[in-house]
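>>> Quick one, what's the 3D model for this:
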Amino acid sequence: MVGHRVWIMTFILLSVLGCTGPRTTAVPASNPQERTPVLGRLPATFSGDFPCADCPGIRYQLTLHPDHAFFLSLTYLERNSRFDSIGSWIVSPDGQRLVLYDESVSPDQFRIIDPNNLRKLGIDGHDIATGLNYTLTRANDVESPESHLALRGMYRYVADAGSFSECLTGRRWPVMQQADNASLEQTYVKFRKQPNDELLATVEGRVVTKSGADGATPHPMLIVDRFLGLWPGETCGARLATSTLENTYWKLTRLAGMPVIVPEQQREPAMVLHQEQHRLAGSGGCNRLMGEYRLDRRLVSFSQVAGTKMACRAGMEQEEHFIEALGRTAAWTVIGEHLELFDAEGKQLARFEARALR
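I've put the predicted structure just below:
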């Protein structure tokens, strides 16, 4: 029970401290280099060593690109451990803060001191009250280290060549035919309905710079070190967009870590949480669903969830698991246009994608 309370309190803290206002859609730059009003010439790398509770320091290396993509590397000194991430950046409307959006619930934020210096802000978006160093300084050269990344993107395989369009940055890379690429390719061929279909894939991989087969100018390519999953019916969602929990049509895309497959001539499993009466309405795929919900910041619970009594040839077991998952739900989070539901221990029960209300 103590573990349950600790996990639930973590969600409450994220709710209280992680509110940074609505995301602002940025217009990507089309030029390979660009001078921005507050950040100066891009691309640029900013670096610095930040304090660490149990190590000599954490080396931050942040590279910003004109198309609003960023690459961030965190190296824990004397531990030989490094964590890489990728995402999109924007500048706040007042021009004072740099905001980094990745797959985290709360974005990293930096105060733009001048085009050469960025100071890290707290999770609440305010200055960290300390005399320790939290400043990144522009480096003389643009650093492009080989990054080891957890990636989510739209994959397709056409004419014996695979390509991967990364969700957070919109960048598309050719996929090299090595490492675990064969698993990704074979699973895609199994699930696609048309030869040119794009399907959402999750992988662990590296973005490397390689010359083409014809010896052309080197360009970025993706090496898939580990294929994680393919998710038919799910997309990236709009870049830098976000949806609200309530009054949004949520299409069910994953259930207990497995992709949701919609049988032919059936409705897609989905739900809408109607704010005015705290009422749940939706479909399990075969039957209409209805119920009630109670919301307390990052905590949510469903009650009296029931459905009509139709019998369908397929999808009944999936519908039962959907209703069961709602009954076990204790917390939620929305990242971009995707909703995730969790049980009291923090295990993901279901994942949804926002669609136009229907």
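
>>> can we go C-alpha only for contacts and neighbour counts from here?
OK.

>>> tell me the phi and psi of residue 190?
Note on residue 190: its backbone torsions stand at phi -70, psi -40 [degrees, to the nearest 10].

>>> Okay, it and residue 198: tell me how far apart.
13 Å (CA to CA, to the nearest Å).

>>> and these two? which has more neighbours close in?
Counted by other CA atoms under 10 Å, residue 190 and residue 198 do not tie: residue 198 has more neighbours, with 21 against 8.

>>> Just to check, that one is in contact with residue 153?
No - counting by CA atoms under 8 Å, residue 198 does not reach residue 153; the two are 9.4 Å apart.

>>> Pairing partners for the helix or strand hosting residue 149, with directions?
Assessed by DSSP states H and E, residue 149 sits inside strand 147-158. If you go by DSSP bridges, strand 147-158 pairs up with strand 161-166 (antiparallel), strand 199-210 (antiparallel).

>>> distance between the first one and the chain's centre?
Put plainly, it is strand 161-166. Put simply, strand 161-166 sits 18 Å off its chain's centre (CA atoms, centre = their mean, to the nearest Å).

>>> now swap in the longest one and tell me
Relative to the centre of its chain, strand 199-210 is centred 15 Å away, using CA atoms, centre = their mean.

>>> Poorly predicted segments of the protein, please.
1-33, 212-216, 357-358 (pLDDT under 70).

>>> can I see the domain layout of it?
Domain ranges of the chain: 23-138, 147-231, 249-355, per automatic domain parsing.

>>> Tell me the gap between the shortest one and the middle of its chain.
Spelled out, it's domain 147-231. Its chain's average C-alpha position is 17 Å from that of domain 147-231, according to CA atoms, centre = their mean.

>>> now for that domain, what's the gap between its first and last residues?
One end of domain 147-231 sits 24 Å from the other (CA to CA).

>>> please renumber so the chain begins at 56
Yes, from this point I'll number from 56; that puts the last item at domain 202-286.

>>> closest to residue 139 out of the strands paired with strand 202-213?
strand 254-265 (10.2 Å; CA to CA).

>>> Show me what counts as buried in the helix or strand just after the closest one.
Sequence-wise, the next helix or strand downstream of strand 254-265 (DSSP H and E) is strand 274-286. Neighbour counts over strand 274-286 (16 or more other CA atoms under 10 Å) mark 275, 276, 277, 278, 279, 280, 281, 282, 283, 284, 285, 286 as buried.

>>> Out of these, which is nearest to residue 116?
Nearest to residue 116 among the buried residues of strand 274-286, with distances taken as CA to CA, is residue 275, at 19.5 Å.

>>> Run through the residues that contact the closest residue to residue 209 other than its chain neighbours.
In space, and not counting its chain neighbours, residue 209 is closest to residue 255: 4.4 Å by CA to CA, 6 or more residues apart in numbering. Counting by CA atoms under 8 Å, 6 or more residues apart in numbering, residue 255 makes contact with 207, 208, 209, 210, 285, 286, 287, 288, 289, 290, 291.

>>> Looking at these, which two lie furthest apart in space?
The most widely separated members of those, counting by CA to CA, are 207 and 288 (14.1 Å).

>>> Near residue 400, how many residues? Count them for me, please.
Per other CA under 10 Å, the neighbour tally for residue 400 reads 15.

>>> any idea which element it lies in?
Using DSSP H and E, residue 400 maps to neither a helix nor a strand.

>>> Can you pull the phi/psi pair for it?
Dihedral pair for residue 400: phi -100, psi 0, per degrees, to the nearest 10.

>>> how close does it get to residue 190?
From residue 400 across to residue 190, the span is 36 Å (CA to CA).

>>> which secondary structure element contains residue 174?
strand 172-175.

>>> Can you show me the CA trace of that strand as PDB?
Below are the C-alpha coordinates for strand 172-175, written out as PDB (Å, rounded to 0.1, in the frame of the first residue of the first chain):
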ATOM      1  CA  ASN A 172      23.900  31.200 -22.700                       C
ATOM      2  CA  LEU A 173      20.900  29.100 -21.500                       C
ATOM      3  CA  ARG A 174      20.000  28.600 -17.800                       C
ATOM      4  CA  LYS A 175      18.000  25.500 -16.800                       C
END
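
>>> would you say residue 340 is within a helix?
No - looking at residue 340 with DSSP: H, G, I helix; E, B strand; the rest coil, it is coil, so not inside a helix.

>>> Name the nearest residue to it, sequence neighbours excluded.
residue 324 (4.5 Å).

>>> backbone phi and psi for that neighbour, please?
phi -60, psi 130.

>>> Assess the claim that it and residue 343 are in contact.
No - with contact defined as CA under 8 Å, residue 324 and residue 343 do not form a contacting pair (9.2 Å).

>>> quick one, which of these two is more surrounded?
residue 324 (25 against 18).

>>> for the more buried one, what are its contacts?
Residues near residue 324 by CA under 8 Å, 6+ apart: 306, 307, 317, 337, 338, 339, 340, 374.

>>> Sketch out the helices for the stretch 106-255 of the chain, chain order is fine.
Secondary structure of the stretch 106-255 of the chain (DSSP state H, counting those that start in this stretch): helices at 236-246.

>>> Need the CA coordinates for stretch 228-238. PDB is fine.
Provided in PDB are the C-alpha atoms of stretch 228-238 (Å, rounded to 0.1, in the frame of the first residue of the first chain):
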ATOM      1  CA  TRP A 228      15.500   8.700 -42.300                       C
ATOM      2  CA  PRO A 229      16.300   5.700 -44.600                       C
ATOM      3  CA  VAL A 230      16.500   2.500 -42.600                       C
ATOM      4  CA  MET A 231      19.700   0.500 -43.000                       C
ATOM      5  CA  GLN A 232      19.300  -3.200 -43.600                       C
ATOM      6  CA  GLN A 233      21.300  -4.400 -40.700                       C
ATOM      7  CA  ALA A 234      20.900  -5.200 -37.000                       C
ATOM      8  CA  ASP A 235      17.200  -5.800 -36.100                       C
ATOM      9  CA  ASN A 236      15.800  -4.300 -39.200                       C
ATOM     10  CA  ALA A 237      14.600  -7.700 -40.400                       C
ATOM     11  CA  SER A 238      12.200  -8.000 -37.500                       C
END
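
>>> Sweet, I'm off.
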